[in-house]
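K.L.:
after the sequence you'll find the predicted model.
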Amino acid sequence: MSISKILFGVTRSIPETDEIDWSDDVTDLLADICDALATFYHVIGANYLTRLGDPVSETFTAAQVLTVTKPLHIGEGASVAVTITLANGTVDGHVVRIMSTDSTKTITILNSGNMLMRSDVTLENGESIELMWISSSGGITSKWVELSRST
């Protein structure tokens, strides 16, 4: 006996515990789950997944505090060049990329407060920085640590 379940738009037959031969059903089911996780989620640390999807488009304003809600925040349409700060992260290993897509304004992030970067960064059109949140590890306490930048 098996249980019919719809998974990602496909009806699957899931074998019950007492069945001896699970055949290809389990293999197909696990393959679908792995494909879906790789497509829709970004692994953060050992036990945390964050949903991918559309980036967050921001209209940055002067002295804005950015709360990280997705792995990619795109800054555009600001009326002036702005300096932003990031709110504290919530999970160790949380990674975010901040990107500027405005051809006339810049986004500056200062290497101070809860930031640990090699220097201040000013992002121009198409430039980005990637940061990872660390709450406490190896002498680092409550910081967004720079992983890379494209400037």
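P.N.:
Perfect, I can see it now.
K.L.:
only C-alpha atoms for contact and neighbour calcs from this point on.
P.N.:
Will do.
K.L.:
helix, strand, or coil at Asp28?
P.N.:
Put simply, Asp28 is helix when judged by DSSP: H, G, I helix; E, B strand; the rest coil.
K.L.:
let's verify the closest residue in space to Asp92 that isn't next to it in sequence: helix, strand, or coil?
P.N.:
Nearest non-adjacent residue to Asp92, counting by Cα to Cα, 6 or more residues apart in numbering: Ile134, 4.9 Å away. What three-state DSSP gives for Ile134 is strand.
K.L.:
Ile134 reaches Leu116, doesn't it?
P.N.:
No: using Cα atoms under 8 Å, Ile134 makes no contact with Leu116, being 10.0 Å away.
K.L.:
between the two, which contacts overlap?
P.N.:
Taking Cα atoms under 8 Å, 6 or more residues apart in numbering as the criterion, Ile134 and Leu116 both touch 143-145.
K.L.:
which of those has the most neighbours?
P.N.:
Among the shared contacts of Ile134 and Leu116, Trp144 has the most neighbours (other Cα atoms under 10 Å), with 28 neighbours.
K.L.:
other SSEs contacting the helix or strand containing that one?
P.N.:
Element membership of Trp144, judged by DSSP states H and E, is strand 140-149. Applying 3 or more Cα pairs under 8 Å, 6 or more residues apart in numbering; DSSP states H and E, we find strand 140-149 packed against strand 115-116, strand 128-137.
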